[in-house]
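Q: with the sequence up front, the predicted model follows.
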Amino acid sequence: MTIIKGNQPSEESAAPAVGGASSDAGGSGGSEARDPRVSAMTLSGLLALILGVTAAVLPVPYVVESPGPTFNTLGTDNGKPVISITGRETYPARGNLNLTTVYVDGGPNGPVSVFEAFAAWLDGSKAVYPQELIFPTGVTKEQSQQESAVAMTTSQENAVASALKELKIPFGQKLEVAQLSEGSASSGKLKPGDVFTSINGKPITSLAVVQDELAAGKGRPATIVVDRDGKPVTETVTPARSDSGRFILGVLLKYRFTFPLDVKISLEKVGGPSAGLMFALGIIDTVTPGDLTGGKHIAGTGTISPDGVVGPIGGVAVKMHGARADGATMFLAPAANCAEVAGNVPDGLQVVKVENLDEAKRAVELAASGGDTSGLPACANN
């Protein structure tokens, strides 16, 4: 904030002469009459200043995103390896596979003022959004942090699964009912904790099996076998049609994994699902000989599914600026975020759009080899 200081006019009055003598009407002595227009202008100026300052500090319903720190998944945080693995041989790696973060002001994290929102809007490295686009109405700071922590844990598990699948290392994977949606087609039939075994006689090895079978059935009842408290239970559920036209069971499913190794990720005060892609690449580099990056500085973002699908995230434009400021020369961005990437790429940063873990790994390997990366997929008008 810039404060302009000016000379405030003096309004002193001359004291009458001792003895009570006063000057005559035509003389120069005595007190000068105040100009009422000057007083009015001064008062108006003070009121305008007060109103301006008040408006600048009043909270507004906007959220400001600014670049946060980046973390090398091959490095350390507070003296601890970001990724540590036991149960399998590991290899030291050079280079950077940096996950990117965003500072979020506004919403449950505390209000932003008009001045702060306007200043951020003028700053090309920051982004301003209406609050309702980022946070659900009424969500508290504690709820937001809890959801972020759960998403972080899920992203880590998915990262391990996708990395092992990319490396063709077997692991156990089951689908468990986490909860039922309101008015669910499965109400009274499926319960939280049920582990899916088969659907219409087909073994359920992934969520895709369930989705494909429901799509093929086009609304016909589906026979589902679940493991409930160690016993097989068979239920017939008629799927409902969602607003998007898909046939659904009305249950929220989560994966239950059994991994042949133990992966511990140490990263303080960072939440959300968007580090999944970079965690997966870091795990791959850690358990394979050599350097995946060839010593290059690569950053990125994106959710990851157990099947290796890279999903969209928020704040990608801001994250690109943070990555470049920390020295990255290549940035891996989800293909679904291309609309936000185009036109926002900082100078000196090559952005590669990726749809899955295999594409991301191949892009890193090409950069590591010193090959020509100009032909890698990019968002329009990068």
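A: Ah, there it is.
Q: all the strands of the stretch 151-300 of the chain, in order from the start?
A: Secondary structure of the stretch 151-300 of the chain (DSSP state E, counting those that start in this stretch): strands located at 172-180, 195-199, 202-203, 222-228, 231-237, 240-241, 247-248, 251-258, 262-265, 297-300.
Q: what residues are up against residue 132?
A: residue 61 (C-beta atoms under 8 Å, 6 or more residues apart in numbering). Backbone N, C-alpha and C define where each C-beta goes, glycine included.
Q: against residue 126, how distant is it?
A: From residue 132 across to residue 126, the span is 19 Å (C-beta to C-beta, to the nearest Å).
Q: just name the most buried of the strands of the stretch 151-300 of the chain.
A: Using mean count of other C-beta atoms under 10 Å, the stretch among the strands of the stretch 151-300 of the chain with the greatest mean number of neighbours is strand 297-300 (a mean of 26).
Q: show me what it is packed up against.
A: strand 96-105, helix 276-287, helix 316-325, strand 330-334, helix 357-368 (3 or more C-beta pairs under 8 Å, 6 or more residues apart in numbering; DSSP states H and E).
Q: go with 10 Å
A: Where contact means 3 or more C-beta pairs under 10 Å, 6 or more residues apart in numbering; DSSP states H and E, strand 297-300 is packed against strand 62-72, strand 96-105, helix 276-287, helix 316-325, strand 330-334, strand 350-354, helix 357-368.
Q: just how off-centre is the last one within its chain?
A: This means helix 357-368. 23 Å (C-alpha atoms, centre = their mean, to the nearest Å).
Q: tell me which residues of it are tucked away?
A: 357, 359-361, 363-364, 366-368 (16 or more other C-beta atoms under 10 Å).
Q: related to what we said a few turns ago, output the strands of the stretch 151-300 of the chain as a markdown table; include the columns distance to residue 284 and mean pLDDT.
A: Converted to a markdown table, the strands of the stretch 151-300 of the chain look like this (distance: least, C-beta to C-beta, whole Å; pLDDT from 0 to 100):
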| stretch | distance to residue 284 | mean pLDDT |
| --- | --- | --- |
| strand 172-180 | 18 | 93 |
| strand 195-199 | 28 | 97 |
| strand 202-203 | 28 | 96 |
| strand 222-228 | 32 | 97 |
| strand 231-237 | 37 | 97 |
| strand 240-241 | 39 | 94 |
| strand 247-248 | 33 | 95 |
| strand 251-258 | 17 | 92 |
| strand 262-265 | 11 | 96 |
| strand 297-300 | 13 | 98 |
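Q: quick one: closest of those strands to residue 159.
A: Residue 159 sits nearest to strand 262-265 of all the strands of the stretch 151-300 of the chain, at 8.1 Å, using C-beta to C-beta.
Q: picking that back up, any chance of the helices and strands packed on strand 297-300 in JSON lines, plus mean pLDDT and distance to residue 232?
A: Formatted as JSON lines, the helices and strands packed on strand 297-300 follow (pLDDT from 0 to 100; distance: least, C-beta to C-beta, whole Å):
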{"stretch": "strand 62-72", "mean pLDDT": "93", "distance to residue 232": "44"}
{"stretch": "strand 96-105", "mean pLDDT": "95", "distance to residue 232": "41"}
{"stretch": "helix 276-287", "mean pLDDT": "98", "distance to residue 232": "33"}
{"stretch": "helix 316-325", "mean pLDDT": "96", "distance to residue 232": "45"}
{"stretch": "strand 330-334", "mean pLDDT": "98", "distance to residue 232": "39"}
{"stretch": "strand 350-354", "mean pLDDT": "98", "distance to residue 232": "40"}
{"stretch": "helix 357-368", "mean pLDDT": "98", "distance to residue 232": "34"}
